[in-house]
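Asks: Can you look at this prediction? I've put the sequence above it.
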Amino acid sequence: MVKLRLRRMGANDQPFYRIVAVDARVKRDGKYIESVGWYDPKPDPSKINIDTERAIYWLSVGAQPTDTVRSLLRKAGVLQIWHERKVQERKNIETETQ
C-alpha cells in the first residue's frame, strides 16, 4: 500500500517537511517513491507547495494520505479538484451509457 505522508527535514528547531508518496512499511524518513510537495510550518501563516497533478495521480491510484497530509491537501485545494474530476468522470460515464 502506498501512503502520502510527511518526511521531516531541516535542522533542530527548524522543521521542514516534504510530502512524499511512500510504501507504508518504510520508516518516516526512509526511501520514498516520489516527492509531491513541501510544507513549512514555521512562518505565520505556514507555507504549503503541492504539485497538484502528481498528488491527484497518487490519490487516483489508491494512495492513502495520512490525516495531516489530508488536511494539507484540503487547504491547498487538491481534494476539491480531485472530487470534481471524479464527479465529472461519473457524469461522462452516465451520458455514454444512455
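Replies: Now that the structure is in, tell me what you want to look at. These figures come from a predicted structure and were not determined experimentally.

Asks: center of the chain - which residue?
Replies: The centroid of the chain falls nearest to residue 55 when counting by C-alpha atoms, centre = their mean (4.8 Å).

Asks: Kindly provide the distance from that one to residue 14.
Replies: From residue 55 across to residue 14, the span is 25 Å (C-beta to C-beta, to the nearest Å). (Glycine included, C-beta is placed from N, CA and C.)

Asks: Can you report phi and psi for residue 62?
Replies: Note on residue 62: backbone dihedrals following degrees, to the nearest 10 are phi 100, psi 10.

Asks: tell me, how many neighbours does it end up with?
Replies: 8 (other C-beta atoms under 10 Å).

Asks: What lies in contact with whichever helix in the chain runs longest?
Replies: Across the chain, the longest stretch assigned as helix under DSSP state H is helix 78-97. Residues outside helix 78-97 that contact it (C-beta atoms under 8 Å, 6 or more residues apart in numbering): 50, 52, 55-56, 59-60, 70, 73-74.

Asks: I'd like the residues you listed as CSV, with pLDDT appended.
Replies: As requested, the contacts of helix 78-97 are exported to CSV (pLDDT from 0 to 100):
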residue, pLDDT
50, 92
52, 91
55, 92
56, 91
59, 89
60, 88
70, 93
73, 92
74, 93
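
Asks: Of these, just the buried ones, PyMOL syntax please.
Replies: Only the buried members of those enter the following PyMOL selection, criterion being 16 or more other C-beta atoms under 10 Å:
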select buried, resi 50+55+56+59+73
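
Asks: State the pair within the contacts of helix 78-97 that is farthest apart.
Replies: 60 and 74 (16.8 Å; C-beta to C-beta).

Asks: Test my guess that the residue nearest to the centre of the chain contacts residue 34.
Replies: No: with contact defined as C-beta atoms under 8 Å, residue 55 does not reach residue 34; the gap is 10.0 Å.
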